[in-house]
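In: Could you look at this predicted model? Sequence included:
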Amino acid sequence: MKQKIGLFIENYVRNYREMKGARTEWGEPVVAFADSNDILFRNLKDIVNINHALPSDLLENAGTVISYFISFEKAGVMNNVGGTQVSKDWALAYIETNQLIADLNNALSEMLKKQGFKSAVAPPTHDFDEKNLVSCWSQKHVAYIAGLGNFGIHRMIITERGCCGRLGSLVTNVKIEPTKRKCEESCLYKVDKSCGLCVKKCIHGALKLDGLDKRACYEVCLETAAIYSSLGLADVCGKCIANVPCSFINPRRASK
């Protein structure tokens, strides 16, 4: 079942652009699996948000959480390098990828249903408390628990295909062997302080080496949403991760 789900996600992403007439180009997705009873899900209530949902809150008898990363192609990412305003390509990629994730989850749920299994989904974004800026289902933390990658100092998950893209997840009652979490850090700054370029690229000063001003970051994202309101909801920035060593790959893997 693990291979079947991975292939389903890969084929759906590959065919989505033509199927839906989307403008964004995506790379091959990365897929990982977590045991729904992993103790780290319970730890999220203390670490991230006391109201963070457990997999069992989304689906009774939950067995597995499927987490996946859909990467942006390089050309679209490079268009967001430089300047003070988020590029139209990056804003559109954000909007279209959120829709892709919603459609993919529906299609994957239907596939699992035909196999006799149940599933439940949480939205890919916009499910957070706007006052405290914490999510009730953190896609990034779920991805970490599933072994999809590790956090960089930019607070994004660095996968085998980098950090420029979007995360999605789905809870199912299928029991699938969990993906082994990566022990070693992927962020070059965390390893030996040899990078930190993402901090320099945060032109609004929200990201620092020792923390992130989430409110300042969110204000910038809201400015982008206002600029591109005619396209859809694009409360996004991404300047910090565009064209850095971990944009498209895990830099630790590349150096070996």
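Out: Right, received. Where do you want to start?
In: OK, contacts around Arg17?
Out: For Arg17, the contact set (Cβ atoms under 8 Å, 6 or more residues apart in numbering) comprises Arg23, Thr24, Glu25, Trp26. The C-beta positions use only the backbone N, C-alpha and C, and glycine is treated the same way.
In: Just give the closest residue to Met156, not the sequence neighbours.
Out: The shortest distance from Met156 to any residue other than its chain neighbours is 4.3 Å, reached at Cys163 (Cβ to Cβ, 6 or more residues apart in numbering).
In: hang on, the one you found packs against Ser247?
Out: Yes: Cys163 is within contact range of Ser247, at 6.6 Å (criterion: Cβ atoms under 8 Å).
In: Name the residue in these two with the higher neighbour count.
Out: Each of Cys163 and Ser247 has its neighbours counted (other Cβ atoms under 10 Å); Cys163 has more, 30 against 25.
In: Residue ranges in the stretch 51-200 of the chain under the pLDDT threshold?
Out: 123-133 (pLDDT under 70).
In: contacting residues for the residue nearest the centre of the chain?
Out: Compute the mean C-alpha point of the chain, and by Cα atoms, centre = their mean the closest residue is Leu167, 2.5 Å away. Neighbour list for Leu167: Ser67, Tyr68, Phe69, Ile70, Pro124, Gln139, Lys140, Val142, Ala143, Leu148, Ile157 [criterion: Cβ under 8 Å, 6+ apart].
In: for Leu197, same thing?
Out: Val244, Pro245.
In: and what of Asn250?
Out: So Asn250 contacts Gly149, Ile158, Thr159, Glu160, Gly162, Ser186 (Cβ under 8 Å, 6+ apart).
In: Among the residues you listed, which are located in strands?
Out: Among the contacts of Asn250, the members falling in strands (DSSP state E) are Ile158.
In: Please convert the contacts of Asn250 to CSV, extending it with neighbour count.
Out: Below are the contacts of Asn250 laid out as CSV (neighbours: other Cβ atoms under 10 Å):
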residue, neighbour count
Gly149, 28
Ile158, 29
Thr159, 27
Glu160, 16
Gly162, 28
Ser186, 24
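In: Relative to Arg17, how far out is the nearest residue to Ala22 once chain neighbours are set aside?
Out: Using Cβ to Cβ, 6+ apart and skipping residues adjacent in sequence, the residue nearest Ala22 is Glu96, 4.8 Å away. For Glu96, the distance to Arg17 equals 9 Å [Cβ to Cβ, to the nearest Å].
In: Report the set of residues contacting both of these two.
Out: Joint contacts of Glu96 and Arg17 (Cβ under 8 Å, 6+ apart) are Arg23, Thr24.
In: Mind jotting down where the helices sit in this protein?
Out: For the chain, applying DSSP state H gives helices covering 2-20, 39-47, 55-58, 74-78, 88-114, 139-145, 188-192, 197-201, 214-227, 251-254.
In: export those helices to JSON lines and tack on distance to Ala242?
Out: Below are the helices of the chain laid out as JSON lines (distance: least, Cβ to Cβ, whole Å):
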{"stretch": "helix 2-20", "distance to Ala242": "21"}
{"stretch": "helix 39-47", "distance to Ala242": "28"}
{"stretch": "helix 55-58", "distance to Ala242": "32"}
{"stretch": "helix 74-78", "distance to Ala242": "5"}
{"stretch": "helix 88-114", "distance to Ala242": "8"}
{"stretch": "helix 139-145", "distance to Ala242": "18"}
{"stretch": "helix 188-192", "distance to Ala242": "16"}
{"stretch": "helix 197-201", "distance to Ala242": "7"}
{"stretch": "helix 214-227", "distance to Ala242": "13"}
{"stretch": "helix 251-254", "distance to Ala242": "15"}
